[in-house]
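Colleague: predicted model follows, preceded by the sequence.
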Amino acid sequence: MTLQRDYPITEHCIGPVAPMADAPPWIFALDNPYLHGVYAPTSQELAVEALPVEGELPADLFGAYFRNGPNPRHPPLNRHHPFDGDGMLHAVYFQDGAASYRNRYVQTAALSQELQDGRSISPGVMGPFDYNISRFGIKDTSNTDVLFHAGDLMTLWYNAGDPYRLDPLTLETQGHFDLAGRKSRRLSAHSKVDWATGELLFFDYGDEPPYMTVGVADPQGNLLHEVAIDLPGPRLPHDIGFTSHYTIVHDLPFFHDMNVLRKHKVRVLTFHRDIPTRFGILPRRGQSSDVRWFECEPCYILHVTNCFEDGDWVVMDGCRSTNPMPQAQPGEGELASMLAYMRLEANAYRWRFNLVTGEVREGDIDTLNTEFNKSNPIFHGVPSRYAYHQRIPLYEEGGYTLRFTALVKYDNATGARTQWDYGPGVYGSEAVFAPRPGAGRESREDDGYVITLVTDANDWQSHCLVFDAADIAAGPLARVRLPQRVPFGFHATWAAGGPLFAAG
Ligand SMILES: [Fe+2]
């Protein structure tokens, strides 16, 4: 394939552009690193069984790893941002020591319309926003998060969009996900399921009051509770936390000016270093007036690892950024602010909130640059010890674009950090914890497997790696060779076998 132009920005960020036959040809006309290399979309939807395995898959590994991510189908209307790519799920299924793979687009309303027209219709996050095309002003790609609830997969968008239901075996999109009894459909990415109760703990947010709501649905998808959160204006929270009794919401000083959005149709994010971060703690079924706010050092947070109660204290672990909008680099032209925004600077951090005295304590768990932090879902909401992060190289380490170079495990009881490097030119995906079948809170917390996908930029092969969670530094127990290159993506989840496979 012949390159149609030079790539000054892409060459700087990811190196030479690889001529890929499995990617759509239109990407080669665009100088944007998030359309090439490990970010290049695939054109194929495949279903392949009996995948080749190096090493040995654990016989008791039963269930599926699902990963969502951007896979743009058509050339963008304007500058492409990785949040704009049409959502695509990649799934690896495990049973009886064997593995199979499937990938499929999320058939969103926007993608369906664009497939009919054969072109992009919706603008993306770099604008200009157009509310005549979408009530969000931009394309709801459903490309960000994925969770398993009420027997279905649910895909979610970072900007609080309209979630979709997918068949977990065929990955066929079955329509929107609606909670029975709820007026609004919109849900944010990182709404989550409490393992102990099966409840869906959800939130959404937007540019009009109420600027945030949080709620609870039962395991069958019926609304149990929903309450507005009193925020001073539109915000861009990305996650919530929960303990057995409380929900923790985020009011972060990294947001946009609505006057600029109305006037110029673009969302310009500013980190307000003079405004404290606030965390609101309310009982899971509490009212707006029950929220207790705690002020902390200004920061931004993408992802919470876990929260739990410790006597009078509520503890929240997550990855914290004190520089969510790094300086744009000269020479990166019209993509400079997007490229800067995508360079995540964050590290493992712990906040403690005293519900009796109002005292706050906060500090680093570690200073290594990591994000996409996950932990064993069985221990979500109760005291936990381990966390599994992705290592992200900083700009000065050559991290010109967002990529994951190692799996990092934290032991918060001992302070130990162990790591598995994916290798030169090999980039990972969010890793999930797959508990051993039958595990519960009486089990050892790291009794299970950690699973991720990697793509090797040396030969464009992708593999699914399965680690013993107790010893990730030993390297993967098994490497499952996938039948195609899997582009870089966002969030992943694990769904245990049993009901999942019985449903098929
Ligand atoms: Fe996220």
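Modeller: Good, I have the coordinates. Please read these numbers as outputs of a predicted model, since none were measured by experiment. Residues are numbered from 1 along each chain as shown.

Colleague: F203 and Y422: what is the separation?
Modeller: The spacing between F203 and Y422, counted by Cβ to Cβ, to the nearest Å, is 33 Å. For every residue, glycine as well, the C-beta is placed using N, CA and C.

Colleague: my error: substitute R102 in the last question.
Modeller: In terms of Cβ to Cβ, R102 sits 23 Å off from Y422.

Colleague: kindly report the same for E445.
Modeller: Applying Cβ to Cβ to E445 and Y422 gives a distance of 24 Å.

Colleague: who's more crowded, F203 and Y422?
Modeller: More neighbours surround F203 than the other of F203 and Y422, with 24 against 21 (other Cβ atoms under 10 Å).

Colleague: OK, contacts around the more buried one?
Modeller: Residues near F203 by Cβ atoms under 8 Å, 6 or more residues apart in numbering: 160, 187-188, 190-191, 212-215, 237, 240, 249.

Colleague: next one, pLDDT for it please.
Modeller: Note for F203: predicted pLDDT of 97.

Colleague: for P330, same thing?
Modeller: Per-residue confidence (pLDDT) for P330: 86.

Colleague: so who does it touch?
Modeller: For P330, the contact set (Cβ under 8 Å, 6+ apart) comprises A336.

Colleague: equivalent analysis for L252, please.
Modeller: By Cβ under 8 Å, 6+ apart, L252 lies in contact with 235-237, 277, 299-301.

Colleague: go again with 10 Å.
Modeller: Neighbouring residues of L252 by Cβ atoms under 10 Å, 6 or more residues apart in numbering: 235-238, 271-272, 275-279, 296, 298-302, 321, 324.

Colleague: same question, Y400
Modeller: By Cβ under 10 Å, 6+ apart, the contact list for Y400 reads 9-10, 12-15, 33, 329, 332, 339, 342-343, 393.

Colleague: pretty sure G425 sits against T405.
Modeller: Yes: G425 lies in contact with T405 (Cβ atoms under 10 Å); the separation is 9.5 Å.

Colleague: of those two, who's got more company?
Modeller: Neighbour totals were compared for G425 and T405, and T405 leads with 21 against 14 (other Cβ under 10 Å).

Colleague: count residues in the vicinity of T155, would you?
Modeller: With other Cβ under 10 Å as criterion, T155 counts 29.

Colleague: next one: P209
Modeller: Counted with other Cβ under 10 Å, residues neighbouring P209 total 11.

Colleague: so it touches P234, yeah?
Modeller: Yes: assessed by Cβ under 10 Å, P209 is found in contact with P234 at 8.9 Å.

Colleague: which residues does G280 form beta bridges with?
Modeller: On the basis of DSSP bridges, G280 is bridged to V249, W293.

Colleague: for it, give me its contacts.
Modeller: So G280 contacts 212, 214, 229-231, 240, 246-251, 286, 288, 290-294 (Cβ under 10 Å, 6+ apart).

Colleague: out of the residues you listed, which end up buried?
Modeller: When those are checked for burial by 16 or more other Cβ atoms under 10 Å, the buried set is 212, 214, 229, 231, 240, 246-251, 286, 291, 294.

Colleague: of those, which belong to strands?
Modeller: Counted as lying in strands by DSSP state E, out of the buried ones among the contacts of G280, are 212, 214, 229, 246-251, 294.

Colleague: any idea which of those is closest to V454?
Modeller: H250 (30.7 Å; Cβ to Cβ).

Colleague: pull up the gap between the closest one and R135, please.
Modeller: In this view, H250 and R135 are 24 Å apart by Cβ to Cβ.

Colleague: in the helix or strand hosting F148, which residues are buried?
Modeller: Remark: F148 resides in strand 145-149, with elements defined by DSSP states H and E. By 16+ other Cβ under 10 Å, the buried positions in strand 145-149 come out as 145-149.

Colleague: so who does R284 touch?
Modeller: For R284, the contacting residues are 194, 197, 199, 201, 214-216, 224-225, 242-247, 381, by Cβ under 10 Å, 6+ apart.

Colleague: cutoff 6 Å now
Modeller: Applying Cβ atoms under 6 Å, 6 or more residues apart in numbering, one finds that R284 lies in contact with T247.

Colleague: next one: it from L201, what distance?
Modeller: From R284 across to L201, the span is 7 Å (Cβ to Cβ).

Colleague: please save the CA atoms from the longest helix anywhere in the chain in CSV.
Modeller: Counting residues, the longest helix in the chain under DSSP state H turns out to be helix 109-117. Output in CSV follows, covering the C-alpha atoms of helix 109-117 (Å, rounded to 0.1, in the frame of the first residue of the first chain):
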residue,chain,number,x,y,z
ALA,A,109,-28.0,4.6,16.3
ALA,A,110,-25.3,6.9,15.0
LEU,A,111,-23.3,4.1,13.3
SER,A,112,-26.5,2.7,11.7
GLN,A,113,-27.3,6.0,10.2
GLU,A,114,-23.8,6.5,9.0
LEU,A,115,-23.7,3.1,7.4
GLN,A,116,-26.8,4.0,5.5
ASP,A,117,-25.2,7.2,4.3
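
Colleague: pretty sure G489 contacts G69?
Modeller: Yes: the criterion here is Cβ atoms under 6 Å, and G489 meets it with G69 at 2.2 Å.

Colleague: what's the neighbour count on the residue lying closest to L394 once chain neighbours are set aside?
Modeller: Setting aside the residues directly before and after it, L394 is nearest to N369 in space (Cβ to Cβ, 6 or more residues apart in numbering), at 5.3 Å. For N369, the count of nearby residues is 22 (other Cβ under 10 Å).

Colleague: if I look at N369, how far off is V38?
Modeller: Counting by Cβ to Cβ - N369 and V38 are separated by 18 Å.

Colleague: in the stretch 151-300 of the chain, which spans are strands?
Modeller: Secondary structure of the stretch 151-300 of the chain (DSSP state E, counting those that start in this stretch): strands located at 152-156, 164-166, 173-176, 192-193, 200-205, 212-217, 223-229, 241-242, 246-251, 254-256, 269-271, 277-283, 292-296, 300-310.

Colleague: relative to N354, which of the ones you listed is closest?
Modeller: strand 292-296 (8.7 Å).

Colleague: mean confidence for the closest one?
Modeller: Strand 292-296 comes out at a mean pLDDT of 98.

Colleague: residues contacting that strand, please?
Modeller: 276-281, 353, 360, 362.

Colleague: then stretch 235-249?
Modeller: The contact list for stretch 235-249 (Cβ under 6 Å, 6+ apart) reads 190, 201, 203, 205, 214, 229, 250, 255, 279-282, 284, 302-304, 307-309, 314, 316, 381.

Colleague: where exactly do the helices run in the stretch 401-504 of the chain?
Modeller: Using DSSP state H, counting those that start in this stretch, the helices of the stretch 401-504 of the chain run over 499-502.
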